[in-house]
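In: sequence first, then the predicted structure:
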Amino acid sequence: METQDYASFRLRADVIDRGLCPLCGGCAAGCPYLGQQRGRIVQLDCCTLVEGSCYRNCPRTLTDLDALSRAVFGEPFSADDIGIVKNAYVAQATDPETRSAAGGGGATAALLRAALAAGAIDAVAGTGVDGEGHEGLLLRNLAVSSKVAGMPAPLLLTDPATVVSHVTAPHRFARVLAAFNGLPKESTSRLGMVCLPCQTASLRKRLPNPAESRVDARNVRLLVAESCATKRWLEPGEVRQSANKACSYCWDLTGELADISVGSGRGQQDWNTVLVRTAAGQEAFEAARKAGAIEVKPLPPESLAQEKKASHDKKVRAVRNLTALTGSKTDLAYLGLPGRIVDALQGDS
Amino acid sequence: MEGIDVNAPGTTQLLMGNEAIVRGALEGGVGFSAQYPGTPSSEVLSVMASVARNLRIHTEWSVNELVAAEAAAGASFAGIPALSAMKQNGVNVISDFLVNVIMTGTGTGGLVLVTGDDPSAISSSNEEDSRWICKWMDMPLLEPSTAQDAKDMVKWAFEISRLVDNPCFVRETTRLAHTRGKVMLGELPTERKTAYFPDVWDMCKPAKSRFTSGPFGILHHQAHERLKRVVPVFEASAFNTYEGPEKPELLIITSGVCYLYCQEAIAMLGLGNRAGIFRLGTTWPLPEQAVRKQLERTSNVLFVEEIDPFIEGSVMEFAASLGASLPPKTYLGKRSGHIPSWGALSTDLVAQTLGSILNVPYKVAGRDAAYSEGLKEATKMVPPRAINLCPGCPHRGSYWIFKNALSIDGRHGLVAGDIGCYSLGFIGAGFFQERTMHCMGGGIGVANGLGNLKEFGFNQPVLAIAGDSTFFHACIPALVNGVYNKANFIFAILDNSATAMTGFQPHPGVGRAATGDPAPRVDMEALCRALGARVEVCDPFDLEGSTRVLLDMMADESGGARVLIMRRTCELVRARRDKGRPYTMRVNPSVCAGDSCGCNRLCIRVFGCPGLIWDKEAGKAKIDEAICTGCGLCADICPQRAIERKAA
């Protein structure tokens, strides 16, 4: 076996060295050979596994979106610009403190808190800051930050009262997949999570191959994707989007593989766009509304049109940039979109 | 059993070569002994220190061989017989002092320098034949073959030193140093000498002291002349012996332990009536007339000596000088390819060579089919063990931190290694992290060069390492240099509070003298801070915290020489001091997922502590309870947290 056949080396060659890594953290989380440091995935030692979850679960290795869509929704990938959507709303947390902490509508925090309080989920995997007493879940020798204090650390939230602060924290995405990967296998069967679109894809890519020794991705009963349209932080002080060119290859504005996608309010301050995609998502949404955790309004048609256009433009941009990267219209690197959709996007490019 | 300091002439003791050297020194009236530990000669000072209080001898572990030799010379200047032992590397370290002291002479005390050469580099970073320095430095050279020789020669060496007014060099090798043999004791002197430096300034006759090395022309000539005094003594020495037929077909010229190999080989092959052995005990200056007498016995000569053709060259040079007066001969040895010029020799190897020269088929004695079968069976019973750091060794944690931090940093940083237990960092024991490794102090020295290449686009972090004893030995000037010349490197002192590799000898940082008495402790942090370096102290078992500190130091844009002290007591020292294990370790089989984990057997395959083994039946990792020291470190590397530590 040659070194270049090992999964982690293929990950390096196919993703990291090509500038495609969106730093979702899915590979480094729980892997003792990969670390995440100041906006880079680094290899700490040689892993000789040919079939590695780092490669398999990476949202930037070849991703068959039709297959993934079938695994999540039971139907092929939608040609609609914002993917499969059951219902679209604008919503906000009824609690002003939650809105204030979120710096927007606070819908994500309210949805997860309500689901946890209602017992629909029994924990939320989130990210805290080291030193808050959550060292138990800190993955040692991984993702070591050069900043001695204030390092994002994965943690598991079971008290609804703690959800808001962690789900609205600026670094909430930094180690969320580490939190998931670090869970003992039997620790939770009903998990809620909030992820970026790339992290959502990484989680969903685990569905066909549940890890024997880790929590099954099917245990994520409520997956909320937050759009990258608002400010995002990978690590404190580092603005992710402006720092990472790999995001220019991203096709997914809204998190089309989530149960619920939450975005900015499209001009409505303190409100969020909410796209409900699955039955589980709809159930959680309705429960939160019934519990008075969120206030809901219909999504105005012009806002929906804006959302669709933005999402479409992102896909066009991704296809254009990937074509430039590979030098081939038929090779979109990781992006396994159905041919009919690619043709349409390339036509709009 | 009586101690080595018993005054019982005519009785025998079973002594290791190094112990015999001490006994010889005692019989020679030694009053001062200074040394830096180095295998194979480390025991010389340890044994000397064990009787130092009783016999009122000054013994010290010096910070390095140079200081030790200089200190011993100082005692000799003042009339006190002195001895300094070292390994072959130490000979290099003292050479600058030696080249000067042979100009001035060593005074009335007598100075004996013992070197323990290490053929095959069994416990060395290099292989070296230190005998050459004797030709270079006009020093008489003695080579003992047995423990008895070692005792007798060292005692005699003080007289030789006083005769030539220069150091007398005694070369042992690893086999002799660590082999026990019967030694008949001689008498211990009862006279106690008074120390006085004789060549003080005289205001009425102001003149240069004899102990200043100038003017070199005259003094160098005098050194050559003084060496001649020993020639008649060596010519008549009973340490040079011949055994064999009057006119052998083959004359073997040998020295040291090779003499014993030759004796055994001749006996095994039944060549007693065909081959003779001329054993040289006084190897330099060559006792030429004694050699000539032996050369005249035959026309075929074989030189058997370890490492370099030292005797071979001297004898052939002498033979050439005789011209036609010596009948032509066939000389066999290293030049002819019959004897290797590297590695330790053995009876088997000498027997094979003799057999091939004299056409006698040689079969390794006693190794019949049953022996070979037995050997195979025995081999199966021995668990395979690679060369490794001990279980619980703090250096494993340090190397883990270095490896990860350098990888995370991502600028292709490197470890400039040094000499100590941590030298195993050049192989898998230290994850192959040492990318340079030469001599004591060499790592930080090299870092001074690499750390000043910014103008050439060099951006790789340089992490020089050295142990605590090595720090005091050879690193302080290089650290001063780094601070002064703004070299950009991190100097990690792997402080395990022991000179662990050579047997836990104390050093200036541990607060204890060679005799076990309390001693002032030199504070290495304060020393480094006083130089103006940033100093951080970390625990090698705090994998995450120490990695963060190292990353922070690497990211420190102010650059310059920075010091990272990785401090944790050597596990062997801790175990001896505390008894028992700090933790009881176990791999929780319900948590360890074996090969389905995805960790690719990190603990066994990469981390590699000998206390962790793979349970083939269960397909999971397991603690080897016989070996595990309960240090707890491995619990922190398991991504699954399957390795559990419980306070013992």
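Out: Received the coordinates, thanks.
In: is the residue of the stretch 101-250 of chain A found nearest chain B in a helix, a strand, or coil?
Out: Across the stretch 101-250 of chain A, the shortest distance to chain B (CB to the nearest CB) belongs to residue A:213, at 3.2 Å. Backbone N, C-alpha and C define where each C-beta goes, glycine included. Recorded secondary structure, residue A:213: coil (DSSP: H, G, I helix; E, B strand; the rest coil).
In: contacting residues around it?
Out: A:185, B:593, B:596-598, B:640 (CB atoms under 8 Å, 6 or more residues apart in numbering or on different chains).
In: what does residue A:108 give?
Out: A:102, A:167-168, A:194, A:224, A:226, A:262, A:272.
In: just the element for it, please.
Out: helix A:107-118 (DSSP states H and E).
In: how near is residue A:331 to residue A:58?
Out: Relative to residue A:58, residue A:331 is positioned 17 Å away (CB to CB, to the nearest Å).
In: of those two, who's got more company?
Out: A direct count of neighbours by other CB atoms under 10 Å in any protein chain shown for residue A:331 and residue A:58 places residue A:58 higher, at 29 against 11.
In: quick one: the more buried one is in a helix?
Out: No - under three-state DSSP, residue A:58 sits outside any helix and is assigned coil.
In: is it in contact with residue A:25, as I believe?
Out: No - at 10.7 Å, residue A:58 does not count as touching residue A:25 under the criterion of CB atoms under 8 Å.
In: domain parsing for the chain?
Out: You didn't pick a chain, so chain A it is. A:87-308, A:317-349 (automatic domain parsing).
In: right idea, wrong chain: chain B
Out: With domains defined by automatic domain parsing, chain B comprises B:12-229, B:238-358, B:394-577, B:581-647.
In: so which of these is nearest chain A?
Out: When the domains of chain B are compared (using CB to the nearest CB), the closest one is domain B:581-647, at 3.2 Å.
In: ok now that closest one, how far from the chain's centre?
Out: The chain centroid and the centroid of domain B:581-647 are separated by 35 Å under CA atoms, centre = their mean, to the nearest Å.
In: can you check stretch B:408-421 too?
Out: So, by CA atoms, centre = their mean, the centroid of stretch B:408-421 is 24 Å from its chain's centroid.
In: does it reach chain A?
Out: Yes - counting by CB under 8 Å from any CB of the partner chain, chain A is contacted by stretch B:408-421 at B:408, B:410.
In: so for that stretch, mean pLDDT?
Out: Regarding stretch B:408-421, the rounded mean pLDDT is 95.
In: buried stuff in that stretch?
Out: B:408-409, B:413-421 (16 or more other CB atoms under 10 Å in any protein chain shown).
In: now tabulate the residues you listed in JSON lines and tack on secondary structure.
Out: Converted to JSON lines, the buried residues of stretch B:408-421 look like this (three-state DSSP):
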{"residue": "B:408", "secondary structure": "helix"}
{"residue": "B:409", "secondary structure": "helix"}
{"residue": "B:413", "secondary structure": "coil"}
{"residue": "B:414", "secondary structure": "strand"}
{"residue": "B:415", "secondary structure": "strand"}
{"residue": "B:416", "secondary structure": "strand"}
{"residue": "B:417", "secondary structure": "coil"}
{"residue": "B:418", "secondary structure": "coil"}
{"residue": "B:419", "secondary structure": "coil"}
{"residue": "B:420", "secondary structure": "coil"}
{"residue": "B:421", "secondary structure": "helix"}
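In: out of the residues you listed, what pair is the most spread apart?
Out: B:408 and B:419 (27.7 Å; CB to CB).
In: what residues does chain B have near chain A?
Out: Checking chain B against chain A by CB under 8 Å from any CB, the hits are B:400, B:403-405, B:407-408, B:410, B:431, B:543-544, B:547-549, B:551-552, B:555, B:591, B:593, B:596-600, B:602, B:605-606, B:636-637, B:639-640.
In: next one: the worst-scoring helix or strand of chain B on mean pLDDT to chain centre, how far?
Out: The helix or strand of chain B with the poorest confidence is helix B:369-381; it has a mean of 86 (mean pLDDT, DSSP states H and E). Relative to its parent chain, helix B:369-381 has a centroid offset of 33 Å by CA atoms, centre = their mean.
In: all strands of the stretch 1-150 of chain A, in order?
Out: A:34-37, A:40-43, A:63-64, A:87-93, A:123-129 (DSSP state E, counting those that start in this stretch).
In: from the chain's centre, how far out does the last one sit?
Out: Okay, so that is strand A:123-129. 14 Å.
In: and it with helix A:107-118, angle?
Out: If you take axes from the mean of the first three to the mean of the last three CA atoms, to 10 degrees, strand A:123-129 sits at 130 degrees to helix A:107-118.
In: pLDDT (mean, whole number) over stretch B:57-73?
Out: Averaging pLDDT residue by residue across stretch B:57-73 gives 98.
In: what's the nearest residue to residue A:87 once chain neighbours are set aside in contact with, if anything?
Out: Nearest non-adjacent residue to residue A:87, counting by CB to CB, 6 or more residues apart in numbering or on different chains: residue A:276, 4.8 Å away. If a contact means CB under 8 Å, 6+ apart, then residue A:276 has A:85-89, A:259-260, A:282, A:285 as its contacts.
In: filter these to the buried ones?
Out: Taking 16+ other CB under 10 Å as the criterion, what is buried in the contacts of residue A:276 is A:85, A:88-89, A:259-260, A:285.
In: pLDDT weak spots in chain B?
Out: B:1, B:364-367 (pLDDT under 70).
In: repeat that for 80
Out: B:1-2, B:363-368, B:383-385 (pLDDT under 80).
In: same check on the stretch 51-200 of chain A?
Out: A:126-155, A:166-175, A:178-179, A:182-188.
In: can you give me the helices for it?
Out: Assigned by DSSP state H, counting those that start in this stretch, the helices in the stretch 51-200 of chain A fall at A:53-56, A:65-73, A:96-102, A:107-118, A:160-167, A:176-181, A:197-205.
In: what about the longest helix in chain A?
Out: helix A:301-326 (DSSP state H).
In: buried sites along that one?
Out: A:303-304, A:307-308, A:310-312, A:314-323, A:325.
In: what subset of these is also close to chain B?
Out: Okay, of those, nothing touches chain B (CB under 8 Å from any CB).
In: just give me how far stretch B:516-525 sits from the chain centre.
Out: The answer for stretch B:516-525 is 24 Å, by CA atoms, centre = their mean.
In: got it, and stretch B:241-260?
Out: 29 Å.
In: so who does residue A:123 touch?
Out: Residue A:123 touches A:116, A:156-158, A:187-188, A:190-192, counting by CB under 8 Å, 6+ apart.
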